[in-house]
Every structure is written in C-alpha cells, then in structure tokens.
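In: please work out how this folds:
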Amino acid sequence: MASNSTEYRTAIVSVTLTGASYRLAHDSCHRAALLWNQAVNWVHGEWKAKRSPNKYDIQGFLNSIPRQDRPLHAHTTETIAHDLSEAITTARVNLMQGMKIRSPWRKNNYRPLSFSKGYGWRISRGQLHLSLGRGRPRIDLSIPTVLDSATGEEVDPGLWGEIQLCWNRDKRRFSQHIPYETLREVLVGEAVSAIDVTIINGREARAIKRQRNKAVGQLQHKISKCKNGSKKHKRLVTAKKKINSTAKLSLCDFDHQVSNKAANHVISHNTARLIVGDVRGIEKEAKSKRRMGRHGRQQLSQWSRGAQERYLNEKTKLEMEHLNESYSSQTCPACSTRNRPSGRHYRCKNTICGFTCHRDAVGAIDILQKALCGQYTPIGPDIKVRVTYLRAVERWSPDQREAHRKVQCRKARALSSAQNRALSETTQISKPKLANSSTSTDSSVPDQLVVVA
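Out: The predicted model follows:
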C-alpha cells in the first residue's frame, strides 16, 4: 500500500540581469551585509551589558535603524535577524558537544536577499518582481522554469516558497534559490524478511576533489610568482575561480546523487528511524595523534559529510540520529568476533563462523544491531543479508570505456575501408579512356568500355 506525503525541495536557477537590475541587486546585497555587521556589533554590546538578546530583539534593533540606511524589504531585514540568531544557537550547541566551531562574527561584504512568498515577490505581466520595499525600485526578472527533480515536470509558481537571490563568487553571477512543494510516495505495510544493505560508491567525489586540488595547486604556484593586479595575475585568478566553480557544481550533483539513492532505499523499506554513524570530528587531532598521513587528512577535511546528511534529511523527512560506530566494521555480525579486515572485503577469522561480506555492509549491520539492542549483537541465523552495490553517478568503468573505445575503433576502420573501396571503384568507373589509346596489358587494370559521343 502506498501513501503520499508532502516534502520541500530547492531548485537553483541561474538568472541574467539587466544593467540597472544588476547594480540594484549588487547594492542591496552589500546593504544586507552591512546590516548583518551592525547586528553582530550590537549583539556583542548587549552581551557585554550582561543581556542575552533573542531573534526578536535583534529584529527590533534592525527596525530601529533609519529607513534610508536599510533600503530593503521588511521581511528581508527580518530574515537577517533570524539567521544571526540561528547561527548563534547552532554555534553554542556544537560547542557544547565538543565540536570545532566557527562563531558567526566574521564581517560580511555580501548577503543573500530573501523575498518572502506573497510579500517579497510576485508575478505579473510575464515577469517576476522582487520587492525592496514600498517606494523603492524593484528587481525585474524573467519567470524562471522550475522542474521537479522527482517527476521532471514543471512546478507551478503557486507552489514556490521564499526566494533567495544569491551571488555565486566563483561563477561571478546571480542565481535564484527557489523552494517548492512536491509529493513523494511512501510504501507502508510491507514485512521485512532480510537485511538489505545498499552500498554507494563515493570514489567519484574523491576523483573530482583530487583533480581540483592538483589544478588549483599548480595555478596557485604560478599566482605566487606574479605581481598583484597584473594581467597574468588576473587571468590566473579567473582560471582558478572557474576550476572551483566547475568542481563545486560536480560535487553538489554528486552529493544529491548519493543522498537520492540512499533516500530511495530508506523510503522503499518504510524506515521509521534513520541512524547515522557518528563521525563528526573524526578529522580532529588526526595529525597530532599520527593516525593518518597528509593525504588522508586532506580527504577527511574535504569530506562533504554534512551536506550529504542534510540532503538525506530533506529527502526522507526523518530525524537523524547519530550513533557511535567504533569497531563497527571490525565486529563480525554473525559471532561478534573482532577482526581487522583487509581492503573492502570482510572475512571472519573464526573457523566455526567464516562469515564473509562487504566491509561497509558489516559496519551497517552492526550499527543497526546496536541501535536496536544497545550493543553489537549477532544477527539471527534465518536473516539473510542482501548487498546492493551502486555507483553514485552512473558512469562507465575503465574496462567498459576501453571496450567501447575498441569497438569504436573497429567501426571506424571498417567504415574507412568501405569508403576507400567505394572511392576506388568510383574513380575507376568514371575515369575516361581515349579511343586511340592502346589496351593495357597489365592484368591489375581491368578493361573499360568507353563510349564516345
């Protein structure tokens, strides 16, 4: 049996602005950043005075600024106050959990512009109007086409939510972030007879990051030898931004592919709880304790774990629970014997057990048992383990690419030989022969019938 539930997704659409709209958006983003900086300074002053302002106090302070100094929509100003309060709360929670944090005190030069539904933006006369407040000029855009990522159909503007106009620093252009409502189908009432483990390969992201790191490192070496402001320096900086922009888009697509495949597995099995291995802060003290080399530390520091967890939460609408996963990939799920696996294949060294499986599947099963029983408990003998190995992005393997290249080469050679034979025969037939010419005695050249008009 299936049921439908509502979820929200966000579409990122690039926009092209006219000269006047571009300058207006640029000034508005700069003004929003100045308001953020003023709110940060005011919060610091309140703390020194032994007061703890909440989001409404910050909003009241921003509204007290003269109207000519905050040429933005009232809802845009409200969003700035609430974002600052939420950032402070998140930093405090992470600090209490012992995580490495970055407090939101950095001065900003640019801030995204938020336009609430029904007040900040509206559609009329075939255009999308973004309001900056009563009596001020507005930003006019062509109506973007938003496609539902689940169905591929166009989303009606009535289902859009709060629109954000953001500046992409690498691509050097504006884009719109448009949230919309969509329906997802959930299967209910199905019994689980086995443990289904879906393993999603993440080597695609590692390859993208490695290529980006190498290219950026080479450009940075050249930039260090150039004079600031020179033509070569500007050209190299532009190339560096282009590489970062391309890699950022590829990694964003990869994270969505991973989370989408994981969410499909969760939804199809009617999952009520979402348990995630707690690897937060795994990169801390990795260098001081010499747990891994610099290449491993670089991979950990560039791991987009937080983005993937956020996307998975948005797609499944399940509250994510973090569970300590120590020794989860070393403990045998059949007899609880601890082994150190070699590579990605796990084999229990207990001669009586002899359990074999993929290493990541073993870790997932142990986390499941710990979530259900409170500790690593052997699975029952009647429960089967079915492992599905997926690639995050559907691409050819090196063997498939090499086989395809060989097939294409054979086709090209065959086509080239056929064309050459056809061309040779055409040349021989169309070649004229004089009437008084002698017949060739060479057996390799056939006699030709020549008709003279």
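
In: who does the helix or strand hosting Ile367 touch, helix- and strand-wise?
Out: In the assignment (DSSP states H and E), Ile367 maps to helix 359-373. In terms of contacts (3 or more CB pairs under 8 Å, 6 or more residues apart in numbering; DSSP states H and E), helix 359-373 is packed against strand 194-201, strand 274-277, strand 320-323, strand 345-347, strand 384-391. The way it works is simple: take the backbone N, C-alpha and C, and place the C-beta from them, glycine included.

In: would you mark the buried spots in the fourth one?
Out: Of the residues in strand 345-347, those scored as buried under the neighbour-count criterion (16 or more other CB atoms under 10 Å) are Tyr346.

In: buried residues in the helix holding Ile367?
Out: By 16+ other CB under 10 Å, the buried positions in helix 359-373 come out as 359-370.

In: what's the neighbour count on Gly296?
Out: A total of 12 residues lie near Gly296 under the criterion other CB atoms under 10 Å.

In: follow-up on the earlier one: mind giving me TSV with the buried residues of helix 359-373 and columns for distance to Ser416?
Out: Shown next, in TSV, are these (distance: CB to CB, whole Å):
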residue	distance to Ser416
Arg359	48
Asp360	47
Ala361	49
Val362	53
Gly363	53
Ala364	52
Ile365	55
Asp366	58
Ile367	57
Leu368	58
Gln369	61
Lys370	62
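
In: ok, so of those residues, who is nearest Glu394?
Out: Asp360 (19.5 Å; CB to CB).

In: tell me the contacts of that closest one?
Out: For Asp360, the contact set (CB atoms under 8 Å, 6 or more residues apart in numbering) comprises 197, 199, 329, 344.

In: quick one, phi psi at the third one?
Out: Here the main-chain torsion angles of Ser329 (degrees, to the nearest 10) amount to phi -90, psi 0.

In: run a quick neighbour tally on it.
Out: When neighbours are defined as other CB under 10 Å, Ser329 has 22 of them.

In: try the last one
Out: When neighbours are defined as other CB under 10 Å, Arg344 has 12 of them.

In: quick check: closest non-adjacent residue to it.
Out: Nearest non-adjacent residue to Arg344, counting by CB to CB, 6 or more residues apart in numbering: Arg359, 5.0 Å away.

In: the one you found contacts Asn339, doesn't it?
Out: No. Between Arg359 and Asn339 there is no contact under CB atoms under 8 Å: 10.2 Å.

In: can you check which residues contact both of these two?
Out: Tyr346.

In: show me where this protein has its helices.
Out: 19-48, 55-64, 74-96, 203-223, 231-268, 294-301, 305-316, 359-373, 398-430 (DSSP state H).

In: please name the nearest non-neighbouring residue to the residue positioned nearest the centre of the chain.
Out: The residue lying closest to the centre of the chain (CA atoms, centre = their mean) is Cys252, at 1.7 Å. With sequence-adjacent residues excluded and distances taken as CB to CB, 6+ apart, Cys252 is closest to Ala307, at 7.9 Å.

In: try Glu204
Out: Using CB to CB, 6+ apart, the nearest residue to Glu204 is Val393, at 4.9 Å.

In: okay, now the one you found: neighbour count?
Out: With other CB under 10 Å as criterion, Val393 counts 14.

In: also Asp83?
Out: Neighbours around Asp83, by other CB under 10 Å: 18.

In: cool, and Arg136?
Out: If you count neighbours by other CB under 10 Å, Arg136 ends up with 13.

In: how about it, phi and psi?
Out: Main-chain dihedrals, Arg136, degrees, to the nearest 10: phi -120, psi 150.

In: that older thread, who's in contact with the residue nearest to Arg344?
Out: Residues near Arg359 by CB under 8 Å, 6+ apart: 329, 341, 343-346.

In: where in the stretch 51-200 of the chain is pLDDT low?
Out: Across the stretch 51-200 of the chain, the ranges flagged by pLDDT under 70 are 150, 183-193.

In: where along it do the strands fall?
Out: For the stretch 51-200 of the chain, the strands defined by DSSP state E, counting those that start in this stretch occupy 113-115, 121-124, 127-130, 139-142, 163-168, 173-187, 194-201.

In: returning to that earlier point: restricting to C-alpha, output the helix holding Ile367 in CSV.
Out: C-alpha atoms of helix 359-373 as CSV (Å, rounded to 0.1, in the frame of the first residue of the first chain):
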residue,chain,number,x,y,z
ARG,A,359,33.2,-4.4,4.8
ASP,A,360,30.8,-1.4,4.6
ALA,A,361,27.8,-3.8,4.8
VAL,A,362,29.3,-5.3,8.0
GLY,A,363,29.5,-1.8,9.5
ALA,A,364,25.9,-1.0,8.5
ILE,A,365,24.6,-4.3,10.1
ASP,A,366,26.5,-3.7,13.3
ILE,A,367,25.1,-0.1,13.6
LEU,A,368,21.6,-1.5,13.0
GLN,A,369,22.0,-4.1,15.8
LYS,A,370,23.5,-1.5,18.2
ALA,A,371,20.6,0.8,17.5
LEU,A,372,18.1,-2.0,18.2
CYS,A,373,19.8,-3.8,21.1
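
In: how about Ile143: what's its closest non-neighbour residue?
Out: Leu128 is the one closest to Ile143 (CB to CB, 6+ apart), at 5.1 Å.

In: so that neighbour sits against Ser142, correct?
Out: Yes. The criterion here is CB under 8 Å, and Leu128 meets it with Ser142 at 7.0 Å.
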